[in-house]
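no FASTA, just this:
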């Protein structure tokens, strides 16, 4: 499964049964930056009736979405670990 398809699976699970949710999580996982600048996202989504989706997305600096991911995280430095805020 490609990183893109994993992302869409997690997104679909997180949106199942959701309108505007007051209980939206403040984090959907964690982001880590490796020494070479690669961003690793370990994400988790929970849906109604116990549905759970987990995925690891890896974005090397050459990836087309790298800058958008880095911006979404509010920046990240090598060795740093941060929570990943949900996308709106």
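Received, thanks. In this text the structure is predicted, and so the values were computed from the model without any measurement. Residues are numbered from 1 along each chain as shown.

give me the element residue 71 is part of.
In the assignment (DSSP states H and E), residue 71 maps to helix 66-72.

same for that helix, what does it pack against?
strand 39-46 (3 or more CB pairs under 8 Å, 6 or more residues apart in numbering; DSSP states H and E). Every residue, glycine included, has its C-beta placed from N, CA and C.

what about 10 Å?
Helices and strands touching helix 66-72, as assessed by 3 or more CB pairs under 10 Å, 6 or more residues apart in numbering; DSSP states H and E, comprise strand 29-33, strand 39-46, strand 52-59.

looking at those, which is nearest to residue 85?
In terms of CB to CB, the element of the helices and strands packed on helix 66-72 nearest to residue 85 is strand 29-33, at 9.7 Å.

in its sheet, what does that closest one sit against?
strand 39-46 (antiparallel), strand 81-83 (antiparallel) (DSSP bridges).

now do the SS call for the residue of the chain positioned farthest from its centre.
Distance from the C-alpha centroid of the chain, by CA atoms, centre = their mean, peaks at residue 49 (21.7 Å). Secondary structure for residue 49, judged by DSSP: H, G, I helix; E, B strand; the rest coil, is helix.
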